[in-house]
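1. Sequence below, structure please.
(2 chains)
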Amino acid sequence: MKLEKVTLSNIRQFVGKQTIEFSIDARKKVTLIHGPNTVGKTTLLNAIYWCFYGEFLEGFNEPGRLRSDEVAPGEEYSVEVKFEHGGKHYIIERKTSGSPEDAVLTVLQQQNAGRSLPHPQPSLLIQQILPQQLAIFFFFAGEMIKKGFSTGANQVKTTEAIRAVLGFKLAEQAIEDLKEIRKKKQKELQAVSAGTDLARISSDLSEAEEFVDLRGKQLGDLRAATAQLEVQRREAFDRLRDMESSSKLQQRRDVNERQLKHVRELLGATLLARQNLINEIGGALFLLGSAKSASMLISEAVTKKRIPSPFDKTFVEDILKSEMCVCERPVKSGSNEYRAIASLINSATDESTINKALSVRGVAERVIDNASRAPKALQSILQQQISVQGQVEHYEQEEERIRDLLKRHEAQNVRETELQLERMEIVLRELIANKQRTEDEIEAKKSEIARLKLELERAQAASPQIEQVREGLELIEALVTKLEQELQTVEKRGIDRITEVLNDVVAKSTRQKYSATVTSEYVIRLHRGDEGTERRPVLVLSSGEQRLLDLCFISALVAVCREREEEKNAVLLPGAVAPLVVDAPFGELDPEYQALAAKTMMNLSDQLILLLSKTHWTPEVDATIRSFVGNEYIFIGHRKDPALGAESIEIKVGQTIYQQMRYESDKDCTEIQSIGRGK
Amino acid sequence: MKIEESKIREALKQILRVERDHIFGVKTGSALARKRELEQELDKVLTELRK
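-> Okay, the predicted model is just below:
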C-alpha cells in the first residue's frame, strides 16, 4: 500500500480545501512535513486515521471538535485519501456536517479509462487492506512508542499485535481450526472402522494427538507467562534506572554540602567582622560628642595662641633669671615689672602640656573620623551579611530537597529491586527450561504419531469408505504440518531480521560494544560481552536509547512485512503492509541518534511520511535523508492575535528560511505550502 | 494420496484468506461458521485432488 494524496476540507486548523501529495517514488520515498507545535501535524495524522477507520489515535485531544472553528456550525468537513494497493487505486472519503462519528465513508475504486466505481462495503475493504488493529504500527506519534509498543505494561498485548502484523495469529488460528476439523474427521473414521483393528490404532492416534494439542496449549501458556514476566522484569529495570540516579543525587548533595560549609564559614566571618566594627565604631559613636568638644576647645586654644602659649615657662624663667627683658631693658627683682613677668609663669605652658593637648586633639579627631565612617561601613557589612545569609538559606533548602528525593529513592529500595530481578531471572530460566521440556515431549509424541499413522495407513488400505475419510485426514495433516513449518521458519527469519537491524543500529550507536537479541515474545534485550565470554544482560538503558531501539524495532517489523509480501509464492502473508506515517518521531533523541533513527526508518520503509517540528529538524537529520526526500511541505500558522504569542518561529530548510507563524491574518488557520517536489 | 507441494500451498493460501476475513471482521459470523467455511474449502481441494 502507498499513500498518494490527502485532501483536508475544513478540518480544524485547515480551513477550506488543502492537499498534500505524498512522494511515491521508490528512490525519493520520504515525504517531509515541517510544522511548529499547534499548527496541525497531529491533526493531519489523526485525519488520515479517521478517514480510514472513523476513529482517532490514542491521545488525540478533543476528538469531537474536528470541524474547523473558523467555519459555520453545520458546514461540511471531510478527509479524502487516495492510495494504491495491489496495483489498484482507491479514493476513500469520510465526510460529515455533524459529529465525526456520524461521518459517511465512501470508497471509490478506480477502473480502466479513469472511471471509478463505489465499493459496496467500504469498511470491509479497508479492513482487508489495512486492519485497524494493525494500523497503530504504521500511523503513530513518536511518544506512543514508549506507551504502547515494544516495552511496558502492554507487552503481552503488544506481542499479540506484533504476531498479528506478521500474520502469525492467522496461521495459528488456521492450525487450531484445522486440528478441530481433524478431530471431527477422526471420529468419522472411528465410526466407519468400528470393530476392526483400525479402531484401536485410531484411538491411540487420537490420544497421542490430543496429548500434543494439550502440550501445545501449555506451551502457549508458558509463552504468555514468559511475556508477562518479561514485562515485570522491564518494569523493575525501569525502577532501577530511576534509582541509579540516586548516585547522581548523592554527588549533588556532596557538592551542595561543600558549598553550604563554605557559605556558613563566610557568614561566621562576616558576623565577626560586624562585631569588630561595632566594637570599634560603637566607642567612637559614644565618644563623638566629647571628642568634638575636646577638639573644638583645643582648636580654639590654638587659634587664640594659648597653645602653644607665648608665655613659655622656660622663656619666662630665663627673663627672671637674667633680669633682662627681651627688649634689653633691665628687670629688677622685686620691681613691678619683675612681679608682672613672674606672674606669667602661672599661665605659661611647658612642652609636656603642649604635647598632651595635641595628643588629645589627635585622639578626638580619630574618634570623629571613625564615627563618620561608621554608617557606611556598617551598611556595607550588613549587605554582605544579608547576601551570605541568602546563600546559606539557598543551600540549606537545596539540602532539604535532595534529602527528600534521596528518602524517596531509599524507600524504593535498590537492593530489594535487585533481589526481585534476580528472582525473576530464576523464574524466567525455569519457564524457558519448561518450554524446552514441553517442546521435547511434543517432538517425542510426534514420532509416535508418525508410527501410528503408518500402521493406520496399512490397516485402512482395503476399504473405499475408509479411504475417502483417510484422504481428507491426510490433506488436513499435510496442511497442518506445512503451516507449522512455515510458521516456525518465517517466525525465526522475522526475529533474525529484526535482530540484524537492531544490531546494526547498536553498532553505530554509542553502545557499539553491545549486542541485541529479540526474544520470542518480541522483547528487545541488550547484552555486553565479547565473543567467547559470557554475555551479560544490560539492565538499564537511557530513555533515548530505548526510543532509538523502539523506533528501529518498528521499522524492522514493517520491513519484515514488506519483504515477506514481496516473496514469491509465500504462503504466510503479513497482516498488513503500509507506509510509515510518524508524527514527532524523535522525541528526546540527541541529534546523533535522530540521524541514526531517521536513516534506519528510511532504509527499511517503502514510503516514509515524517511530521517534524523544528527540534526534530537537525542538520544531522537533513544530511541523512536529504537525497531521499521527494515531496516537502511546510505548515504555516496564521494567527489573528499577535498577543497570543507573537514569537517569531523560523525554520531553515536547505538555504531558505521560512517563517512558520504569521500574525496578520483575519482568522486562526494553517496554510500548507509545498516547498519541494522531488522527481 | 500424493499431494503436490504447490497444491498444499494454494490450499493454505485459501484457508488463510478465510481466516483473515473472519479475524479482521471482513466477514462476520461465529467460530462455527468459520470452521464450516474452512471445511467447504477442504472439500473443494479434495475434489480437485481426486480429479
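2. which residue ranges form the helices in chain B?
-> Listed from the start of the chain, chain B has helices (DSSP state H) covering B:5-23, B:31-50.
3. and among those, the most buried is which?
-> A comparison of those by mean neighbour count, using mean count of other CB atoms under 10 Å in any protein chain shown, puts helix B:5-23 on top with a mean of 18. Backbone N, C-alpha and C define where each C-beta goes, glycine included.
4. Let's see stretch A:40-59 as PDB, backbone CA atoms only.
-> As requested, C-alpha coordinates have been extracted for stretch A:40-59 and formatted as PDB (Å, rounded to 0.1, in the frame of the first residue of the first chain):
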ATOM      1  CA  GLY A  40      -1.700  20.700  12.800                       C
ATOM      2  CA  LYS A  41       0.800  17.900  12.400                       C
ATOM      3  CA  THR A  42      -1.000  15.600  14.900                       C
ATOM      4  CA  THR A  43      -4.300  16.700  13.300                       C
ATOM      5  CA  LEU A  44      -3.100  15.500   9.900                       C
ATOM      6  CA  LEU A  45      -2.000  12.100  11.300                       C
ATOM      7  CA  ASN A  46      -5.400  11.700  13.000                       C
ATOM      8  CA  ALA A  47      -7.300  13.000  10.000                       C
ATOM      9  CA  ILE A  48      -5.800  10.200   7.900                       C
ATOM     10  CA  TYR A  49      -6.500   7.600  10.600                       C
ATOM     11  CA  TRP A  50     -10.100   9.000  10.900                       C
ATOM     12  CA  CYS A  51     -10.600   8.800   7.200                       C
ATOM     13  CA  PHE A  52      -9.700   5.100   7.300                       C
ATOM     14  CA  TYR A  53     -11.400   4.000  10.500                       C
ATOM     15  CA  GLY A  54     -13.700   6.700  11.700                       C
ATOM     16  CA  GLU A  55     -11.800   6.900  15.000                       C
ATOM     17  CA  PHE A  56      -8.800   8.600  16.400                       C
ATOM     18  CA  LEU A  57      -5.400   7.500  17.700                       C
ATOM     19  CA  GLU A  58      -4.900   7.400  21.500                       C
ATOM     20  CA  GLY A  59      -4.100  10.800  23.000                       C
END
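5. Can you list the buried residues in it?
-> A:40-54, A:56-57 (16 or more other CB atoms under 10 Å in any protein chain shown).
6. Same check on stretch A:670-679?
-> Within stretch A:670-679, the residues that qualify as buried by neighbour count (16+ other CB under 10 Å) are A:670-672, A:676, A:678.
7. Kindly indicate which of the residues you listed lies nearest chain B.
-> A:Ile672 (32.8 Å; CB to the nearest CB).
8. Contact partners for that closest one?
-> If you count contacts by CB atoms under 8 Å, 6 or more residues apart in numbering or on different chains, A:Ile672 has them with A:14, A:18-20, A:633-635.
9. Excluding chain neighbours, what is closest to A:Val104?
-> Taking CB to CB, 6 or more residues apart in numbering or on different chains as the measure, A:Val104 lies nearest to A:Lys95, with 5.8 Å between them; neighbours along the chain are not counted.
10. likewise A:Arg373?
-> Counting by CB to CB, 6+ apart, A:Arg373 lies nearest to A:Ile281, which is 7.3 Å off, once chain neighbours are set aside.
11. close enough to count as contact, that neighbour and A:Asn370?
-> Yes: under the criterion of CB atoms under 8 Å, A:Ile281 is in contact with A:Asn370, at a separation of 5.7 Å.
12. Low-confidence regions, chain B specifically.
-> Low-confidence segments of chain B (pLDDT under 70): B:1, B:25-26, B:28.
13. who in it is up against chain A?
-> Where proximity means CB under 8 Å from any CB of the partner chain, the interface of chain B facing chain A comprises B:1, B:3, B:8-9, B:11-13, B:15-16, B:19-21, B:23-26, B:31, B:34-35, B:38-39, B:42, B:45-46, B:49-50.
14. Apart from its chain neighbours, what residue comes closest to A:Ser674?
-> What sits nearest to A:Ser674 in space, not counting adjacent residues and going by CB to CB, 6+ apart, is A:Tyr633, at 5.6 Å.
15. and the one you found, helix, strand or coil?
-> Taking DSSP: H, G, I helix; E, B strand; the rest coil as the rule, one finds A:Tyr633 in the strand state.
16. so who does it touch?
-> A:20, A:31-34, A:672-675.
17. so of these, which ones are in strands?
-> Assignment to strands by DSSP state E places the following of those there: A:20, A:31-34, A:672-675.
18. how about these, which pair is most distant?
-> The widest separation within the ones in strands among the contacts of A:Tyr633, taken as CB to CB, falls between A:Thr31 and A:Gln673 and amounts to 14.0 Å.
19. Could I get the contacting residues of the residue of the stretch 51-200 of chain A found nearest chain B?
-> Scanning the stretch 51-200 of chain A for proximity to chain B using CB to the nearest CB identifies A:Pro131 as nearest, at 4.1 Å. Residues in contact with A:Pro131, defined by CB under 8 Å, 6+ apart, are A:164, A:575-576, B:24-25.
20. and if you look at A:Val331?
-> Applying CB under 8 Å, 6+ apart, one finds that A:Val331 lies in contact with A:319-320, A:323-325, A:337-338, A:341.
21. can you check A:Gly575 too?
-> A:131, A:134, A:164-167, A:169-170, A:561, B:20, B:24.
22. Same check on A:Lys332?
-> Residues near A:Lys332 by CB under 8 Å, 6+ apart: A:323, A:338.
23. Pull the distance from the longest helix along chain A to the chain's centre.
-> Longest among the helix segments of chain A by residue count, using DSSP H, is helix A:197-303. Here the centre of mass of C-alpha atoms in helix A:197-303, compared against the chain's by CA atoms, centre = their mean, to the nearest Å, lies 21 Å away.
24. Just the buried positions in the next helix or strand after that helix, please.
-> Reading on from helix A:197-303 to the C-terminus, the next helix or strand found by DSSP states H and E is helix A:313-322. Counting neighbours by 16+ other CB under 10 Å, one finds that the buried residues in helix A:313-322 are A:313, A:316, A:319-320.
25. any idea which of those residues is the one closest to A:Asp177?
-> The shortest approach to A:Asp177 among the buried residues of helix A:313-322 belongs to A:Lys313, at 139.8 Å (CB to CB).
26. Help me confirm that the closest one comes into contact with A:Ile345.
-> Yes: taking contacts as CB under 8 Å, A:Lys313 lies within contact range of A:Ile345: 6.1 Å.
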